[in-house]
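A.B. asks: Okay, here's the prediction I keep looking at, along with the sequence it came from:
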Amino acid sequence: MLNQVEELASKAFDELDRVSDVNALEAWRIRYLGRKGTLIRILRSLLTLPPEERRVVGARANELKKALETSLAAKKADLEQSAVISLQRESLDVTLPGHPVLLGRLHPTTQVLEEICDIFKSMGFQIVEGPEVEWEYYNFEALNMPADHPARDMFATLWVDFETESADKTMLLRTHTSPVQIRVMEKSRPPIRVIAPGRVFRYEATDATHEWMFYQVEGLAVDKNITLADLKGTLFEFTRRLFGSDRKCRFRCDYFPFVEPGVEVAIDCLACRGAGCRLCGNSGWIEILGAGMVHPEVLRRVDIDPDIYSGFAFGMGVERIPMLRYGIDDIRLFYSNDLRFLTQF
Ligand code: PHE
């Protein structure tokens with residue numbers, strides 16, 4: 001009988017060692033310490049033993065019962081402790097900040113371009129586009145700049161090298177958006193009111209104020225009785241909407257082969273308001289665009305009779321505007337894809 005108890009003891013402790021979760025532990029408890037468990041069975045059978053053996057075996061069985069109960073409690077505490085630890089390891093601190101989601105944003109040029117377009121849209125202008133790779137004809141010829149015209153020197157040109165049958169069919173990267181004027185007038189009749197935003201290209205070394213690629217917005221209005229006063233009114237309204245209602249505007253004579261008369265439009269300096277500073281080169285004024293009345297020769301070429309119709313046109317650089325507004329002193333920042341710069345807008 002005593003042997004049975006010892007055997008039970010070693011089996012029970014052995015199994016307890018291998019128990020690794022609370023369910024197994026409960027099964028173990030029922031098996032050895034439960035009301036129908038092995039140990040109770042032994043204790044019950046003590047009655048059948050002679051008194052001497054009963055005392056020895058009984059004492060040993062009771063001792064074992066206590067030992068098993070103590071071990072059970074210890075094991076239980078153990079399992080609970082490790083359950084807590086693994087819960088802690090798996091737990092999420094929901095109060096921690098999440099991974100930031102990077103939001104895309106519009107390029108500063110795009111933002112200003114949209115602003116400009118909105119202003120002209122509200123004045124009844126339509127938005128059109130033309131090709132960036134352009135025929136020499138549209139970029140120069142039709143704009144009153146034949147091959148030997150000295151004004152072509154104003155536009156350092158990137159020529160596109162490809163085979164054509166005839167010499168007068170040469171392609172280039174458009175140096176300004178003015179060719180879109182011709183494309184529009186070829187296809188439609190007055191009244192015309194369009195603006196044409198887009199990229200232009202110049203064969204130039206880059207520096208803080210020059211890029212070989214930049215944006216322009218072209219404007220064109222053709223109708224009966226359009227005068228220089230309409231041009232002035234339109235551009236004055238535009239500059240005030242873009243730069244603030246207290247803006248001053250200056251129109252001075254300038255020369256472009258495709259307009260007559262030609263003007264250059266300036267606003268009073270954003271930094272010194274006309275007093276003269278570094279930004280405006282001490283003049284108090286900042287040039288923002290070129291404009292003029294469409295040259296009769298240009299109208300005639302697209303079969304619009306200059307004796308009946310007249311028009312005005314203007315062209316402005318886009319990057320100039322955020323540069324002035326935010327005090328950006330290097331145009332190369334715009335297209336060098338540096339997020340430290342771009343994410344500021
Ligand atoms: N195309 C001219 C330029 O790029 C600007 C301009 C447009 C001037 C329309 C007059 C009329 O310099």
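C.D. replies: Yep, that arrived.
A.B. asks: Phi first, then psi, for residue 158.
C.D. replies: phi -100, psi 110 (degrees, to the nearest 10).
A.B. asks: now residue 309
C.D. replies: Backbone torsions for residue 309, taken as degrees, to the nearest 10, come to phi -110, psi 150.
A.B. asks: so what's it up against?
C.D. replies: 190, 222, 223, 224, 226, 299 (C-beta atoms under 8 Å, 6 or more residues apart in numbering). Using the backbone N, CA and C atoms, a C-beta is placed for each residue, glycine as well.
A.B. asks: Over to residue 269?
C.D. replies: Contacts of residue 269 were listed using C-beta under 8 Å, 6+ apart, and they are 275, 276, 277, 279, 280, 283, 284, 285, 286.
A.B. asks: Now the closest residue to the ligand within the stretch 101-250 of the chain: closest residue in space, sequence neighbours ignored.
C.D. replies: Using C-beta to the nearest ligand atom, the closest approach of the stretch 101-250 of the chain to the ligand is made by residue 176 at 3.4 Å. Nearest-residue entry for residue 176: residue 200, 5.3 Å, with adjacent residues in sequence omitted and distances by C-beta to C-beta, 6 or more residues apart in numbering.
A.B. asks: Hmm, the residue of the stretch 101-250 of the chain closest to the ligand is touching residue 316, no?
C.D. replies: No: counting by C-beta atoms under 8 Å, residue 176 does not reach residue 316; the two are 10.5 Å apart.
A.B. asks: what do these two both touch?
C.D. replies: Common contacts of residue 176 and residue 316 (C-beta under 8 Å, 6+ apart): residue 216.
A.B. asks: before we move on, back to that, could the contacts of residue 269 be laid out in TSV, adding distance to residue 151, pLDDT and secondary structure?
C.D. replies: Putting those into TSV (distance: C-beta to C-beta, whole Å; pLDDT from 0 to 100; DSSP: H, G, I helix; E, B strand; the rest coil) gives the following:
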residue	distance to residue 151	pLDDT	secondary structure
275	34	90	coil
276	31	87	coil
277	32	88	coil
279	29	82	coil
280	26	85	coil
283	24	92	coil
284	29	92	coil
285	24	94	strand
286	24	91	strand
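A.B. asks: which of those count as buried?
C.D. replies: Buried members of those, scored by 16 or more other C-beta atoms under 10 Å, are 280, 284, 285, 286.
A.B. asks: got the residues of the stretch 151-300 of the chain near the ligand?
C.D. replies: For the stretch 151-300 of the chain, the contact set with the ligand under C-beta under 6 Å from any ligand atom comprises 176, 178, 256, 259, 262, 290, 291, 292.
A.B. asks: How many residues are close by the residue of the stretch 101-250 of the chain closest to the ligand?
C.D. replies: 24 (other C-beta atoms under 10 Å).
A.B. asks: Just the pLDDT at it, thanks.
C.D. replies: For residue 176, the model assigns a pLDDT of 97.
A.B. asks: Specify the local secondary structure of it.
C.D. replies: Following DSSP: H, G, I helix; E, B strand; the rest coil, the label given to residue 176 is coil.
A.B. asks: how far away is it from residue 120?
C.D. replies: Plainly put, residue 176 is 18 Å away from residue 120 if you go by C-beta to C-beta, to the nearest Å.
A.B. asks: Can you report how many residues neighbour residue 247?
C.D. replies: Residue neighbour count, defined by other C-beta under 10 Å, stands at 16 for residue 247.
A.B. asks: same question, residue 256
C.D. replies: Residue 256 has 23 neighbouring residues, counting by other C-beta under 10 Å.
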